[in-house]
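Colleague: I would like to see how this sequence folds:
(one chain, ligands or ions: 1)
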Amino acid sequence: MAETLEQFHARSINDREGFWAEQARLIDWNEPFRQVLDYSRPPFARWFVGGTTNLCHNAVDRHLASLGDKPALIYVSTETGAERTWTFAELHREVMRMAAIMQAHGVGRGDRVLIYMPMIAEAVFAILACARIGAIHSVVFGGFASNSLAARIDDATPKMLISADAGSRAGKIIEYKPLIERALGMCAHQPDKVLMVDRHLAAFEPVPGRDLDYATEREAHIDAEIPVTWLESNEVSYTLYTSGTTGKPKGVQRDVGGYAVALAASMAHIFDGRPGETYFATSDIGWVVGHSYIIYGPLIAGMATIVYEGTPVRPDAGILWQLVEKYRVTVMFSAPTAIRVLKKQDSAWLTKYDTSSLRSLFLAGEPLDEPTARWIAEGLGRQVIDNYWQTETGWPILSVAHAIENTPVRHGSPGKVLYGYDVRLLHEQTGEEVGANEKGVITIVPPLPPGCMQTVWGDDARFVSTYFESIPGRMVYSTFDWGLRDEDGYYFILGRTDDVINVAGHRLGTREIEESISSHPAVAECAVVGVADSLKGQVAVAFAVLKDPDAHAQPDRKLALEGEIMAVVDKSLGAVARPARVHLVTALPKTRSGKVLRRSIQALCEDRDPGDLTTIEEPATLDQIRDALGR
Ligand code: AMP
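Modeller: Predicted coordinates:
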């Protein structure tokens, strides 16, 4: 008899090594591993020790014999009108050319390559080329601006930076070169080479001796044959920066073998994607979903993957479904915000195209509200599956795994705990497990399963202190999310326990935005909070105190400053981080020990009770917040 999800899960925890040794057969190994798990230095887990493999081999080369002439990469840009398919054999060639360019310019095993690119095929070539030669890629979301880029360059210290002249979003060209030059102007570290893909969207001046033109370089390496470099399972495949409570983003570091196995297993058990089919994830290569489920996961499973540059509503609200019909997409992955954007449009778009090829639509990255889940599931007549995870874990923690058992989905819940994760809901202070339907912090008892972060890049101590020391007396991994579990084992996510906010599925640290706002010369201090929003889930709202108290009496000056502050955030972090509103106040509500009462500010913004105010230093400061909000 087939195993239930619960039995499958129990086996993954009770016979961890047996379970993962079995999953490890889903990928190719050059040399077999000697040990499934080395957990001699908790909480650091080393998976498949001694085994050698390669992500690019598993994503591309492995399929050449059986799927060589089948589509691997389908590129569609509704921004530029470009549309093109590469077979596995063609993708293989392009990746070898890109790898040859990197090697020719001194990039080798263990060197970092920073990729700051729009959604273009060359970004995929670059990522796979790094994997091929054992270079460590660090992709920075193309919507981030100079300061974000600079912080990541200095942390990753890349030998090469790969970029393009510009990205395009909803018809607006975003020139990358000025952002890169500004970022490099701020950096202590300088890459040796900057490889530029010229899309002819924006003119730029190459820096002689440093900048390389991709088209010219590609021509020079057109016949390149670059074999894969076999890597020990625990070598580093990539770092991906993510926001936390401090202003400094953390480089989430991942391995090679564990990640490949975890993705292959998730494609088999959770996403149920099969070789020769097409996968369509609408995320961006700059986010973890882009790494796991635009690039590596589908390709490892032998599926074609669609790389889409564009929005869900241009040229019209049928574009996603038109692509599903055209490319016979079987598995799709998107974010709740994209669906809420579509919900504002005519629902007739959902039935205009033939989406019968689609088995499931997976949604993740932020809470999926029940009405939105129901609207899309009923409108499309397809199964909609929520799944909960994080940049740190690399693949879903909670969902359903329909290839194991046909667990019914419950709208409003991301589902049940998945294999590999020993999830416990703990009381924040006592560390005790909470009962059914009680709120607790979602934690994972280590060792974390394969595919999860190995450490924080360059900072093992920070990995331990950030993730494993937040619950008193228990060395457990904290997700920093509140959750509860009902009697049937379905989880519900109840928001973050820290100052991280989630705007349209993009994770942002309020501290980073505060630091950016504080860099405006007129600002003395500020507080940024996440406020519920019906479209984006949350938006950032800022309260800033000006150095010059007289400015408050000048409405024109205030208005101008609000605009300037938003522009500062745009310029330093990117428009994704721009607050929806900037309110100017003369003081922030603080405790007597000087801590800003962010929770109370947030509550007022959401028209809720500000909570316990016994520690407040100056109650009148809250009235200012109320006034600013017009309450
Ligand atoms: P990121 O690391 O950017 O993927 O963000 C991860 C965070 O997004 C999680 O810690 C949650 O706060 C939130 N999140 C991700 N998926 C879901 C989901 N399915 N439901 C609710 N929140 C989610």
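Colleague: list the residues that contact residue 579.
Modeller: By CB atoms under 8 Å, 6 or more residues apart in numbering, the contact set of residue 579 is 513, 517, 528, 539-542, 565-566, 569. For glycine as for every other residue, the C-beta is placed from the backbone atoms N, C-alpha and C.
Colleague: for the protein, what lies in contact range of the ligand?
Modeller: When proximity is defined as CB under 6 Å from any ligand atom, the chain approaches the ligand at 242, 288, 364-368, 386-391, 414, 479, 481, 493, 496, 502, 507.
Colleague: mind giving me the PyMOL select for those residues, buried ones only?
Modeller: Burial among the residues of the chain next to the ligand is assessed by 16 or more other CB atoms under 10 Å; the matching PyMOL selection reads:
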select buried, resi 242+288+364+365+366+367+368+386+387+388+389+390+391+414+479+481+493+496+502+507
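Colleague: just the residues of the chain next to the ligand: which are in strands?
Modeller: Using DSSP state E, the subset of these located in strands is 242, 364, 386-387, 479, 481, 493, 496, 502, 507.
Colleague: okay, those residues in JSON lines with pLDDT next?
Modeller: As requested, these are exported to JSON lines (pLDDT from 0 to 100):
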{"residue": "242", "pLDDT": "93"}
{"residue": "364", "pLDDT": "97"}
{"residue": "386", "pLDDT": "98"}
{"residue": "387", "pLDDT": "98"}
{"residue": "479", "pLDDT": "98"}
{"residue": "481", "pLDDT": "96"}
{"residue": "493", "pLDDT": "95"}
{"residue": "496", "pLDDT": "91"}
{"residue": "502", "pLDDT": "92"}
{"residue": "507", "pLDDT": "89"}
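Colleague: which two of these have the greatest separation?
Modeller: Farthest apart among those by CB to CB are 242 and 386. That separation is 20.7 Å.
Colleague: picking that back up, could I get the contacts of residue 579 as TSV with secondary structure?
Modeller: Formatted as TSV, the contacts of residue 579 follow (DSSP: H, G, I helix; E, B strand; the rest coil):
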residue	secondary structure
513	helix
517	helix
528	strand
539	strand
540	strand
541	strand
542	strand
565	helix
566	helix
569	helix
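Colleague: now the residues you listed as CSV including pLDDT and neighbour count?
Modeller: Output for the contacts of residue 579, formatted as CSV (pLDDT from 0 to 100; neighbours: other CB atoms under 10 Å):
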residue, pLDDT, neighbour count
513, 93, 26
517, 95, 26
528, 96, 30
539, 95, 19
540, 96, 25
541, 96, 24
542, 97, 25
565, 96, 25
566, 95, 19
569, 95, 26
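Colleague: now these as TSV including distance to residue 45?
Modeller: Listed next are the contacts of residue 579 as TSV, based on distance: CB to CB, whole Å:
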residue	distance to residue 45
513	33
517	39
528	35
539	37
540	35
541	39
542	39
565	43
566	43
569	38
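Colleague: and which of those residues is nearest to residue 78?
Modeller: When the contacts of residue 579 are compared for distance to residue 78 (CB to CB), residue 539 wins out at 25.6 Å.
Colleague: how much space separates the nearest residue to the closest one once chain neighbours are set aside from the ligand?
Modeller: Counting by CB to CB, 6 or more residues apart in numbering, residue 539 lies nearest to residue 580, which is 3.9 Å off, once chain neighbours are set aside. Applying CB to the nearest ligand atom, to the nearest Å, the value for residue 580 to the ligand is 19 Å.
Colleague: identify the residues contacting residue 580.
Modeller: Residues in contact with residue 580 (CB under 8 Å, 6+ apart) are 531, 533, 539-541.
Colleague: mind listing what residue 357 touches?
Modeller: Counting by CB under 8 Å, 6+ apart, residue 357 touches 324-325, 328-330.
Colleague: now, of those, which are buried?
Modeller: 324-325, 329-330.
Colleague: run a quick neighbour tally on residue 221.
Modeller: Per other CB atoms under 10 Å, the neighbour tally for residue 221 reads 18.
Colleague: that older thread, dump the buried ones among the contacts of residue 357 to a markdown table, plus pLDDT and secondary structure.
Modeller: Output for the buried ones among the contacts of residue 357, formatted as a markdown table (pLDDT from 0 to 100; DSSP: H, G, I helix; E, B strand; the rest coil):
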| residue | pLDDT | secondary structure |
| --- | --- | --- |
| 324 | 98 | helix |
| 325 | 98 | helix |
| 329 | 98 | strand |
| 330 | 98 | strand |
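Colleague: show me the helices in the stretch 201-350 of the chain, by range?
Modeller: With DSSP state H, counting those that start in this stretch as the criterion, the stretch 201-350 of the chain has helices at 214-220, 257-266, 288-289, 297-300, 319-327, 336-343, 349-352.
Colleague: which neighbouring elements make contact with the fourth one?
Modeller: Spelled out, that is helix 297-300. Contacts defined by 3 or more CB pairs under 8 Å, 6 or more residues apart in numbering; DSSP states H and E place helix 297-300 against helix 55-59, helix 257-266, strand 278-281, strand 304-309.
Colleague: kindly recompute the last result at 7 Å.
Modeller: In this structure, helix 297-300 makes packing contacts with helix 55-59, helix 257-266, judged by 3 or more CB pairs under 7 Å, 6 or more residues apart in numbering; DSSP states H and E.
Colleague: before we move on, the earlier item: from the contacts of residue 357, which two are the most distant?
Modeller: Among the contacts of residue 357, the pair separated by the greatest distance (CB to CB) is 325 and 330, at 12.2 Å.
Colleague: and of the ones in strands among the residues of the chain next to the ligand, the nearest to residue 195?
Modeller: residue 242 (25.0 Å).
Colleague: so which residues of the stretch 451-600 of the chain form helices?
Modeller: If you assign secondary structure with DSSP H, counting those that start in this stretch, the helices in the stretch 451-600 of the chain sit at 460-468, 510-518, 555-572, 598-605.
Colleague: and among these, the most buried is which?
Modeller: Highest mean neighbour count among the helices of the stretch 451-600 of the chain (mean count of other CB atoms under 10 Å): helix 510-518, with a mean of 23.
Colleague: so which residues make contact with that helix?
Modeller: 147, 243, 245-247, 499, 501, 523, 525-530, 540, 542, 544, 565, 568-569, 572-573, 577, 579 (CB atoms under 7 Å, 6 or more residues apart in numbering).
Colleague: change it to 8 Å
Modeller: Contacts for helix 510-518 (CB under 8 Å, 6+ apart): 147-148, 243, 245-247, 249, 499-501, 523, 525-530, 540, 542, 544, 565, 568-569, 572-573, 577, 579, 582, 598.
Colleague: could you check the angle helix 598-605 makes with it?
Modeller: Orientation check (axes from the mean of the first three to the mean of the last three CA atoms, to 10 degrees): helix 510-518 against helix 598-605 gives 80 degrees.
Colleague: next, the angle from helix 510-518 to helix 555-572.
Modeller: Here helix 510-518 points in a direction 120 degrees away from that of helix 555-572 (the same axes, to 10 degrees).
Colleague: for helix 510-518, C-alpha coordinates in PDB please.
Modeller: The C-alpha coordinates for helix 510-518 follow below in PDB (Å, rounded to 0.1, in the frame of the first residue of the first chain):
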ATOM      1  CA  THR A 510      12.300  47.700   8.000                       C
ATOM      2  CA  ARG A 511      15.800  48.500   9.400                       C
ATOM      3  CA  GLU A 512      17.300  48.700   5.900                       C
ATOM      4  CA  ILE A 513      14.600  51.200   4.800                       C
ATOM      5  CA  GLU A 514      15.000  53.200   8.000                       C
ATOM      6  CA  GLU A 515      18.800  53.400   7.400                       C
ATOM      7  CA  SER A 516      18.100  54.600   3.900                       C
ATOM      8  CA  ILE A 517      15.600  57.300   5.000                       C
ATOM      9  CA  SER A 518      18.000  58.400   7.700                       C
END
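Colleague: how far off centre is that helix?
Modeller: The chain centre lies 20 Å from the centre of helix 510-518; the measure is CA atoms, centre = their mean, to the nearest Å.
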